[in-house]
Structures are given as structure tokens and as C-alpha cells.
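> Structure for this input, please:
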Amino acid sequence: MMGNAIVAWILTFNIKRTKYTVYILNLAIADFIYLLFVAVVMLLMVDTMLNRNTPTTTTMFALEVMYDFGYDAGMLFLTAISVERCLSVLFPIWYKCYRPKHLSSFSCGLIWLLGALLSLLDNFTCPSQAFMAATKECTGIQIFSIIVTFVFIVPLMLTSSFILIYIIKTTSKKSRPPKIYLAIIITVLVFLISVAPIRLLWSLLYFKSFTNSLSALAFFFATTYCTAFNSSANPFIYFFVGRHRKKRFGGSINEALSRVFKDDETEQTTDVSTINTSMN
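Numbers count the residues shown, from 1 in each chain. Down below sits the predicted model:
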């Protein structure tokens with residue numbers, strides 16, 4: 001939570017806002033929301049196991065809605081970040097000259113709305129009792145979640161990452177690609193390694209691939225810790241990608257983030273000049 005709060009603070013007050021850093025800022029806020037509410041849920045669960053103090057159903061429902069909201073929004077923001085960067089590479093003239101001015105703000109607002117709708121739909125239609133009973137409504141939600149994750153989101157992330165890797169490989173040493181490319185690739189890779197497999201296992205658990213009752217609790221904690229790791233890793237990725245190699249400890253977080261997003265701004269300015277020259 002501290003890392004995402006620092007990233008949000010620096011992007012809000014210390015770094016000039018660009019059409020791309022808006023996504024990073026909102027991703028940090030979504031990760032902070034997820035980590036905050038999932039920490040409260042985990043503490044309540046530990047208290048229940050140790051002291052037999054069972055929280056009310058309304059309290060748990062509200063907390064689950066909030067951390068699902070943060071998780072869904074964060075996943076959508078990460079997808080939007082990778083797709084946006086991919087479009088800037090594939091269609092540079094459109095991206096620099098014809099892209100709607102307020103597209104980033106509109107997309108972020110739409111993602112927050114979709115995250116809220118997905119969370120409410122999941123928790124109202126498939127609460128914990130319905131999940132254990134495997135109702136028809138809950139089964140439909142699980143199938144919908146699998147389709148959204150593994151048919152749309154994961155392929156989009158993979159395709160965008162492969163395109164960015166190709167750009168990095170084909171870029172000459174004299175014109176090094178921005179550090180933000182590497183940050184996006186690592187961030188997507190962390191998501192695919194830590195969240196996607198455990199998400200698939202959780203779906204298998206729902207469809208009774210695991211019969212032991214202890215498996216449900218074990219996979220719940222595994223899912224929570226893997227997703228928490230994914231939400232916590234991004235600030236460290238930005239820092240290590242943006243740190244100065246000659247400095248042993250890489251300098252301050254502010255300097256590292258500025259270096260990452262300064263490259264992004266420099267690339268935008270260079271591309272605009274190249275496009276204007278070619279058009280003239």
C-alpha cells in the first residue's frame with residue numbers, strides 16, 4: 001500500500017501529467033484499494049480463526065465488493081496500459097495527431113465504471129453461499145469471468161507485450177527504446193505469472209476438480225497472496241527500471257519514476273517531430 005501511495009503522490013504532484021501517466025496513476029489507486037480492503041478481510045479471517053469472532057454478513061459483503069472492485073479495475077487498467085502503448089507503436093501518426101485529446105480520462109472513467117459493475121455483479125449474483133452450492137447464476141458468472149480473463153484480457157496483454165519486445169529487439173543501440181516499454185513488459189509478465197494461473201486453478205476448484213474442503217481455503221489464501229503480490233510489485237518495477245545503473249541504490253523513488261516517464265515524454269516529442277517532418 002505504501003509503494004502505490006508513493007507512486008500516486010509523485011504522479012499527482014511531482015511529475016507532469018501526460019496522456020499515458022494517467023493510466024499509471026489510476027492503476028496505483030486501484031492496487032491501493034485492493035490491498036487495503038483485502039488486508040482488512042484477511043485480518044478479520046485470522047481473528048475469526050483465533051477468537052471465533054465472526055464478522056457480520058453485511059460487513060464481509062461490503063469488503064468483498066470493494067476488494068473485487070480494486071482487483072477488476074487494476075486488471076483492466078493494466079490491459080489498457082499495454083494496449084495503449086501498443087497502439088502508439090503500431091499507429092504512430094494516428095496516435096500523435098488524431099487521437100482524441102481526452103481519451104485517457106474517458107477510458108479511465110469507463111474502466112472504473114466497468115470495475116464497479118463487475119464487482120457488484122459478481123458479489124450479488126455469486127456470494128459465498130451460492131459459490132459453494134454452485135448455483136446456475138454463479139456458474140454463469142464463473143464462465144463469464146473465465147471468458148473475459150482468458151479470451152480477451154490475457155491475449156491482449158500477450159499480444160501487446162510481444163509487439164513491445166519486438167520493438168525493443170529491432171531498435172538500434174543509438175536510439176534506445178523508452179524505459180516505459182520495459183516497465184510494461186515486466187508488469188504484464190508479473191500479472192501473467194502470479195495471477196492468471198491461480199485464477200485458472202480457482203475456476204477448476206469451482207467446477208469440482210478439487211473435492212477436499214481444505215482445498216477451497218488453501219486456494220483462497222493462495223489467490224489472495226498472489227494477487228496481493230501482483231498489486232504490490234508495480235512500484236518496485238518502476239523503481240528498478242528507472243534507477244540509475246551507476247548508483248548502487250538507484251537514487252530516490254522520485255528520480256527513478258521521473259526517469260521512466262521522462263523517457264515517455266521525450267519519445268512523444270521525438271515522434272511528433274518525425275511525423276511533422278515526414279508530412280512536410
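
> Run through the strands of the stretch 101-250 of the chain in chain order.
For the stretch 101-250 of the chain, applying DSSP state E, counting those that start in this stretch gives no strands.

> which intervals of it have sub-threshold pLDDT?
Low-confidence segments of the stretch 101-250 of the chain, defined by pLDDT under 70: 171-177, 209-217, 244-250.

> quick one, what contacts residue 24?
Residues near residue 24 by C-beta atoms under 8 Å, 6 or more residues apart in numbering: 7, 11, 81, 238, 261. From N, CA and C alone the C-beta is placed, and that goes for glycine too.

> among the residues you listed, who's most crowded?
Highest neighbour count within those, by other C-beta atoms under 10 Å: residue 238, with 28 neighbours.

> For residue 7, see how far away it is.
The spacing between residue 238 and residue 7, counted by C-beta to C-beta, to the nearest Å, is 7 Å.

> Common neighbours of these two, please.
Common contacts of residue 238 and residue 7, defined by C-beta under 8 Å, 6+ apart, comprise 24, 257.

> list the contacts for residue 191?
Residue 191 is in contact with 75, 78, 157, 230, counting by C-beta under 8 Å, 6+ apart.

> I misspoke; the intended subject was residue 153.
75-76, 79.

> try residue 125
Counting by C-beta under 8 Å, 6+ apart, residue 125 makes contact with 137-138, 140-141.

> Repeat the analysis, applying 10 Å as the threshold.
For residue 125, the contact set (C-beta atoms under 10 Å, 6 or more residues apart in numbering) comprises 135, 137-138, 140-141, 144.

> thinking again about what came up before, would you convert the contacts of residue 153 into a markdown table that also reports secondary structure and distance to residue 153?
Formatted as a markdown table, those follow (DSSP: H, G, I helix; E, B strand; the rest coil; distance: C-beta to C-beta, whole Å):
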| residue | secondary structure | distance to residue 153 |
| --- | --- | --- |
| 75 | helix | 6 |
| 76 | helix | 8 |
| 79 | helix | 5 |
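
> Could you single out the nearest of these to residue 17?
Taking C-beta to C-beta as the measure, residue 17 lies nearest residue 76 of these, at 20.3 Å.

> how much space between the closest one and residue 252?
Distance, residue 76 to residue 252, by C-beta to C-beta: 30 Å.

> Have a look at these two and say which one is more surrounded.
Neighbours were counted for residue 76 and for residue 252 using other C-beta under 10 Å; residue 76 has more, 23 against 13.

> how many neighbours does the closest residue to that one other than its chain neighbours have?
Excluding its sequence neighbours, the residue lying closest to residue 76 (C-beta to C-beta, 6 or more residues apart in numbering) is residue 111, at 4.6 Å. Residues near residue 111, counting by other C-beta under 10 Å, number 22.

> What distance do you get for residue 111 to residue 86?
Residue 111 sits 17 Å away from residue 86, taking C-beta to C-beta as the criterion.

> how about the contacts of residue 191 in CSV, adding neighbour count and distance to residue 53?
Listed next are the contacts of residue 191 as CSV, based on neighbours: other C-beta atoms under 10 Å; distance: C-beta to C-beta, whole Å:
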residue, neighbour count, distance to residue 53
75, 27, 32
78, 25, 36
157, 25, 40
230, 24, 30
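
> Make a markdown table out of those residues and add distance to residue 168.
Shown next, in a markdown table, are the contacts of residue 191 (distance: C-beta to C-beta, whole Å):
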| residue | distance to residue 168 |
| --- | --- |
| 75 | 24 |
| 78 | 19 |
| 157 | 16 |
| 230 | 23 |
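
> Which member of the contacts of residue 125 is positioned nearest residue 67?
So of the contacts of residue 125, ranked by how close each gets to residue 67 (C-beta to C-beta), first place is residue 141, at 16.7 Å.

> count of neighbours near that closest one?
With other C-beta under 10 Å as criterion, residue 141 counts 21.

> Kindly provide the distance from residue 17 to residue 41.
Distance, residue 17 to residue 41, using C-beta to C-beta: 33 Å.

> Quick check: the gap between residue 156 and residue 144.
Taken as C-beta to C-beta, the span from residue 156 to residue 144 is 17 Å.

> ok, the two, which is more surrounded?
Here residue 156 and residue 144 are set side by side on neighbour count (other C-beta under 10 Å), and the busier one is residue 156, at 17 against 14.
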